[in-house]
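sequence? don't have it. structure:
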C-alpha cells in the first residue's frame, strides 16, 4: 500500500481525470453516450446530470461534437466531484 498523503484537491483532480480517461477510452462514437452515462452513474451523479440536462441536445448524435462534449463533461465533473 502506498503511504502518500494527498490533499483533498489532489484527490479530487485525480478522480476527475480518471473519469475523463475512462470516457476517452471509447474509440467508437456510437458508444460514447453510453460510456458517459455509465461513468456519471458510477459516481452517483445521475440526478445532477438530469437537473443540468447534461444528456439533452442533438450534439450527442454528432461525432464532430465530441471535443465540445468532453469539455462539457469536464465542467460537469469540476462542479460535482467533491
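Arrived safely. Predicted, not measured: the structure shown is a model, and the values here were computed from it.

going forward, measure contacts between C-alpha atoms and count neighbours the same way
OK.

Which residue, other than its chain neighbours, is closest to residue 59?
Distance criterion CA to CA, 6 or more residues apart in numbering; nearest residue to residue 59, sequence neighbours excluded, is residue 65 at 5.8 Å.

For that neighbour, give me the pLDDT.
Confidence at residue 65, expressed as pLDDT, is 94.

Could you do the one 4 residues further on as well?
Residue 69 is assigned a predicted lDDT (pLDDT) of 96.

Quick one: residues contacting it.
59-60 (CA atoms under 8 Å, 6 or more residues apart in numbering).

residues in contact with stretch 73-81?
Residues from elsewhere that reach stretch 73-81 (CA under 8 Å, 6+ apart): 12, 15-16, 20, 45, 48, 54.

shaky segments in the chain?
Low-confidence regions of the chain, defined by pLDDT under 70, span residues 1-4.

if you set the cut-off to 80 instead, what comes out?
1-6 (pLDDT under 80).

re earlier: mind checking which of the contacts of stretch 73-81 are in helices?
Assigned to helices by DSSP state H, the following of the contacts of stretch 73-81 qualify: 12, 15-16, 20, 48.

Against residue 15, how distant is the residue nearest to residue 59?
Remark: distance between residue 65 and residue 15 (CA to CA, to the nearest Å) = 24 Å.
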